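J.: This is the structure alone, sequence omitted:
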């Protein structure tokens, strides 16, 4: 089987497993709004181009139909590469992360990732992204290995991001209605297009990623390493 087909099958199977687990959970309510507003450091990528507005409109449609949850708008959309311990600019962790990225992203080009429908992971409604050749997952595993070797505990923070990636559409802060669950499940194989990612950003933010609280510590353009 071709590597792209293999990656797609493995990632789709994991997304399906996580959706099934979420639907069987006694509760889908996640962290409170107060908890979601706690500061964190994260390595992310942001989709580029017209697709951002299109995704924002799809999420806004869902919010209009099923109010009461915390929905992400176009300015908040991002793909988490890995959560990180608190990163202070110029700190030892920051320097190690920069060095590790510089040594690994040279093998990467601008990412194009198919977006293949809604899903649920834990208490988050997500848009599934396919790492077609497994390159992004390999990068995260290399970063984790590098930082763990230097004594930084990041493996648990990276978690699923060594295997699959997604764009968060909403946080479930109250029990979702049957209608919302049906809406998500009916579009779990929807073709949302192909997202382009040209840079990685190390950011200080919170789990809502509002522009007013998100500060870019450093931006790594993939083109600079090509």
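T.: Perfect, thanks for sending it. The structure displayed is predicted, hence computed values, not measured ones. Numbers count the residues shown, from 1 in each chain.

J.: Buried residues of the lowest-mean-pLDDT helix or strand in the chain, list them for me.
T.: Lowest on mean pLDDT, DSSP states H and E among the helices and strands of the chain sits helix 155-158, with a mean of 83. Using 16 or more other Cβ atoms under 10 Å as the test for burial, helix 155-158 gives 157-158. All C-beta spots, glycine's among them, are computed from the backbone N, C-alpha and C.

J.: and if you look at stretch 53-68?
T.: For stretch 53-68, burial by neighbour count (16+ other Cβ under 10 Å) applies to 55-56, 58-59, 62-63, 66.

J.: and stretch 181-200, how far apart are its ends?
T.: Start-to-end span of stretch 181-200 (Cα to Cα, to the nearest Å) is 32 Å.

J.: Which strands and helices lie in contact with the helix ranked longest in the chain?
T.: Determined from DSSP state H, the single longest helix within the chain is helix 3-24. With contacts defined as 3 or more Cβ pairs under 8 Å, 6 or more residues apart in numbering; DSSP states H and E, helix 3-24 has these neighbours: strand 111-121, strand 124-129, helix 178-186.

J.: which SS state does residue 80 fall under?
T.: State at residue 80, reduced to three classes by DSSP: H, G, I helix; E, B strand; the rest coil: strand.

J.: just to revisit the earlier point, need the contact partners of the longest helix of the chain.
T.: Contacts to helix 3-24, defined as Cβ atoms under 8 Å, 6 or more residues apart in numbering, come from residues 1, 28, 116, 119-123, 128, 130-134, 160, 163-164, 166, 181, 185, 188.

J.: isn't residue 113 right next to residue 133, touching?
T.: No - Residue 113 is not in contact with residue 133 according to Cβ atoms under 8 Å; the separation is 10.2 Å.

J.: Compare those two and say which one has the larger neighbour count.
T.: Per other Cβ atoms under 10 Å, whichever of residue 113 and residue 133 has more neighbours is residue 113, with 21 against 15.
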